[in-house]
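In: Predicted structure and sequence below. I'll ask about it afterward.
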Amino acid sequence: MGEVHEKALEIISLIGCGVSLISLTLTIVTFCVIRHFTQERIIHVNLCLAIGVGQVIFLAGIAATRNKVGCTIVAVLLHYFFTSVFCWMLVEGIQLYAKLVTVFDSNPARRSTAYFLTGWGVPLVIVVISVAIDHDHYGSENNCWLSVDSGLIWAFVGPALTVILTNVVFLGMVVRVIAKLQNCAEDDKYTKIRASLKAAIVLLPLLGMTWLFGLLSVNQHTIFFEYIFAILNSLQGLFIFIFYCVNSSEVRAQIARKKQTIELTHGLSFSSVPATTGYSSNRVRLLRQAKKSHIRTLPAGRQYVSLSTTEFLKKV
């Protein structure tokens with residue numbers, strides 16, 4: 001590979017992964033601001049963490065081949081976090097199907113534990129077994145990744161392919177069930193499921209194609225594949241932010257409600273009442289009571305109108 005291509009790929013990777021990391025951070029921050037962590041959003045956050053940490057390690061250490069021990073550690077960590085990405089995508093598929101077929105979850109804590117064991121525990125088992133069997137082929141002279149020639153790469157490819165095929169089955173079952181249901185177009189539950197289904201249908205092939213071209217670029221040393229891998233790798237975080245936040249009507253509605261709550265809090269704050277207006281102590285007392293009452297009784301998921309201080313005082 002020429003120096004020009006190396007420089008171009010480095011720039012694409014830095015900019016692309018930078019955009020991806022910013023998008024992943026915005027996704028997590030958005031969920032934290034909303035403060036409404038459903039089981040589905042907890043899965044989203046863990047998926048973001050797995051991709052984000054993996055990309056940081058990829059940027060910092062994929063080419064750190066001078067130190068053999070350091071390169072081996074980088075390769076092991078990359079194996080763990082990128083396998084975890086696929087495991088959390090598997091959890092996404094399972095949760096989507098469970099959300100469709102389960103009317104009432106009697107034991108959500110048990111299901112969450114199973115999800116965490118799948119997302120973080122299964123990759124750990126895979127990596128520990130792989131390191132115990134063939135730790136010498138973590139890292140090579142060209143990059144800090146699993147060796148293709150020794151066949152160790154199948155410790156990553158095998159689980160990834162299994163997840164992809166399993167998720168295809170789950171998504172197919174979800175599509176089949178939704179297609180059979182009648183008069184569910186306006187049902188809020190199925191609207192959310194369809195939105196999640198669209199995200200999964202886009203993200204799963206994106207992850208699969210990313211690592212397909214990644215393997216081809218390592219094995220075939222073809223510049224075209226390396227460019228495609230660098231571009232697709234940078235799009236993961238951006239697409240997650242678009243589908244889980246920007247394109248989610250539920251998230252947009254909750255952000256709007258959060259904004260209205262803040263506006264109402266500021267609009268009814270005592271500090272917003274001018275000292276020169278000559279309001280009676282009774283009106284100030286009513287103002288304080290109204291502030292507490294409004295904040296305490298704001299209904300989740302219901303629209304309301306925020307009154308300005310002046311409008312409220314006119315009413316009292």
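Out: Cool, got the structure. Numbering: from 1, shown residues only.

In: From here on, just use CA atoms for contacts and neighbour counts.
Out: OK.

In: my guess is residue 95 contacts residue 40, does it?
Out: Yes. In this structure, residue 95 is within contact of residue 40 by Cα atoms under 8 Å, at 7.1 Å.

In: which of those two has more neighbours?
Out: Neighbour comparison, residue 95 and residue 40: the larger count goes to residue 95, with 20 against 15 (by other Cα atoms under 10 Å).

In: Sketch out the low-pLDDT regions of the stretch 151-300 of the chain for me.
Out: Within the stretch 151-300 of the chain, the stretches with pLDDT under 70 are 181-192, 215-222, 267-300.

In: any idea where the strands of it begin and end?
Out: Using DSSP state E, counting those that start in this stretch, the stretch 151-300 of the chain contains no strands.

In: which residues of it fall in helices?
Out: Counting by DSSP state H, counting those that start in this stretch, the stretch 151-300 of the chain has helices at residues 154-180, 188-220, 223-241, 249-267, 281-296.

In: Pick the most deeply packed of those helices.
Out: Each of the helices of the stretch 151-300 of the chain was scored by mean neighbour count; the highest is helix 223-241, a mean of 20, by mean count of other Cα atoms under 10 Å.

In: what helices or strands is it leaning on?
Out: helix 3-34, helix 39-61, helix 188-220 (3 or more Cα pairs under 8 Å, 6 or more residues apart in numbering; DSSP states H and E).

In: Next, the buried residues of the first one.
Out: Across helix 3-34, burial judged by 16 or more other Cα atoms under 10 Å covers 9, 12-13, 16-21, 23-28, 30-31.

In: The helices and strands packed on helix 223-241: which one's closest to residue 76?
Out: Nearest to residue 76, of all these, is helix 39-61, at 10.5 Å by Cα to Cα.

In: Give me the angle between the closest one and helix 223-241.
Out: With axes from the mean of the first three to the mean of the last three Cα atoms, to 10 degrees applied, the angle from helix 39-61 to helix 223-241 works out at 140 degrees.

In: for helix 39-61, which positions count as buried?
Out: 42-52, 54-55, 58, 61.

In: what do you get for stretch 131-138?
Out: Buried residues in stretch 131-138 (16+ other Cα under 10 Å): 131, 135, 137, 138.

In: closest to residue 68 among those?
Out: residue 138 (9.4 Å).

In: need the contact list for residue 5.
Out: residue 223 (Cα atoms under 8 Å, 6 or more residues apart in numbering).

In: Is residue 226 in contact with residue 214, as I believe?
Out: Yes. Residue 226 lies in contact with residue 214 (Cα under 8 Å); the separation is 6.8 Å.

In: coming back round to it: relative to residue 124, which of the buried residues of helix 39-61 is nearest.
Out: residue 50 (12.7 Å).

In: Now do the contacts for the closest one.
Out: With Cα under 8 Å, 6+ apart, residue 50 has these contacts: 81, 82, 84, 85.

In: For the buried residues of helix 39-61, work out which two are farthest apart.
Out: Going by Cα to Cα, the pair spanning the buried residues of helix 39-61 furthest: 42 and 61, at 28.3 Å.

In: re earlier: pLDDT and secondary structure for the contacts of residue 50 - can I get that in JSON lines?
Out: Formatted as JSON lines, those follow (pLDDT from 0 to 100; DSSP: H, G, I helix; E, B strand; the rest coil):
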{"residue": "81", "pLDDT": "95", "secondary structure": "helix"}
{"residue": "82", "pLDDT": "91", "secondary structure": "helix"}
{"residue": "84", "pLDDT": "95", "secondary structure": "helix"}
{"residue": "85", "pLDDT": "92", "secondary structure": "helix"}
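
In: between those residues, which is nearest residue 121?
Out: Closest to residue 121, out of all of those and judged by Cα to Cα, is residue 84, at 8.6 Å.

In: That closest one: neighbouring residues, count only.
Out: Residue 84: 27 neighbours (other Cα under 10 Å).

In: ok, now which ones touch residue 88?
Out: 43, 46, 47, 118, 119.

In: How about the second one, nearest residue that isn't a chain neighbour?
Out: In space, and not counting its chain neighbours, residue 46 is closest to residue 88: 7.3 Å by Cα to Cα, 6 or more residues apart in numbering.

In: Let's test this: mean pLDDT of stretch 52-72, rounded?
Out: The average pLDDT for stretch 52-72 rounds to 88.

In: one step back: tell me the one among the buried residues of helix 39-61 nearest to residue 173.
Out: residue 43 (20.3 Å).

In: how far away is the closest one from residue 28?
Out: Computed with Cα to Cα, to the nearest Å, the distance linking residue 43 and residue 28 is 11 Å.

In: Domain parsing of this structure, as residue ranges.
Out: Using automatic domain parsing, the domain parsing of the chain gives 3-247, 256-315.
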